[in-house]
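In: Return atomic coordinates for the entry below.
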Amino acid sequence: MEDKRNPRPVEESSQVPNITLLVLLGLIAALLYVGWQYLKEDSISDNELTNAGTDSIAVIDNNRESPVVAEAASDEESEDQEKVKESEEKKSDSKEEHKKEEKKEKKSESKEKATTKTKVEKSTDSKASDASLGKGETITHVVQAGETFFGIANRYNLKWQSLQKLNPSVNPEGIKVGVTKLKVRVLKVHTVGSGDVLRVIAQKYGVSKALIMQANKKTRDITEKGEKLIIPLK
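Out: Okay, the predicted model is just below:
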């Protein structure tokens, strides 16, 4: 038999609980996301503070180190300045020493010049004077190659003025080799005997051995028996 009762109406399934559940899940997810963002921002701020602290420490350290570097630089500059001063002082000292040496050299040169002048004056004064021309004897000298009027006067220890007085007609600049004959006044013409040496002959006539060697053009202290030696005036 068929059931004649009215069928029970099918209730439509309600969607409200599902929507509510989804909303709740969404809220929870949003809360979790917000919390995670908040935690993340806190960690970032902590890192920034930490970095800021280290930077400040570095700055402080840099500030502390800068005076040391400045002091080191100043020390190096002072050392460089001292070195420059020392080099300048050395240069000045060397210049002063050089000037002193130049002064010494100039003094020595002036002394040498004065000495040579005195030697020349002495040699001129030591030559036979006009008064001594009346002594001794007169010889004739024939001009040889390379000789001059003044050289001949020096050879015989005479002043050139004295030789000019003995030869008034001779031009000192116009003498000729083998032609011009000059009168020369000497003390003696000595003939070397046995045992005669220049030292003994010089002592005998009171004339230096050097003058005798000069008058006779001798380069060695040697004499031969029978040799004619000219003894110049003293």
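In: Can you give me the neighbour number for residue 223?
Out: A count of neighbours around residue 223, defined by other Cβ atoms under 10 Å, yields 20. Where you see a C-beta, it was placed from the backbone N, CA and C, and this is true even at glycine.
In: do the same with residue 199
Out: Other residues near residue 199 number 11, with proximity taken as other Cβ under 10 Å.
In: Identify the residue spatially nearest to residue 227, adjacent ones excluded.
Out: Beyond its immediate neighbours in the sequence, the residue positioned closest to residue 227 (Cβ to Cβ, 6 or more residues apart in numbering) is residue 192, lying 4.3 Å away.
In: Could I get the contacting residues of that neighbour?
Out: With contacts taken as Cβ atoms under 8 Å, 6 or more residues apart in numbering, residue 192 has the following neighbours: 201, 223-229.
In: now do residue 160
Out: For residue 160, the contacting residues are 149-150, 153, 172, by Cβ under 8 Å, 6+ apart.
In: now for these, which pair is the farthest apart?
Out: Of all pairs drawn from those, the widest gap by Cβ to Cβ lies between 153 and 172 and measures 9.1 Å.
In: Which residues are in contact with residue 206?
Out: The contact partners of residue 206, by Cβ under 8 Å, 6+ apart, come to residue 234.
In: Backbone torsions only: list them for it.
Out: When quoted as degrees, to the nearest 10, the phi and psi of residue 206 stand at phi 70, psi 30.
In: which of residue 153 and residue 172 has more neighbours?
Out: Remark: of residue 153 and residue 172, residue 153 carries more neighbours, 22 against 14, as counted by other Cβ under 10 Å.
In: Name the next helix or strand downstream of the helix or strand harbouring that one, please.
Out: Assigning secondary structure by DSSP states H and E places residue 153 in helix 149-155. From helix 149-155 onward toward the C-terminus, using DSSP H and E, the following helix or strand is helix 160-166.
In: Find the nearest non-adjacent residue to residue 148, please.
Out: Of all residues not flanking residue 148 in the chain, residue 175 sits nearest, at 7.5 Å (Cβ to Cβ, 6+ apart).
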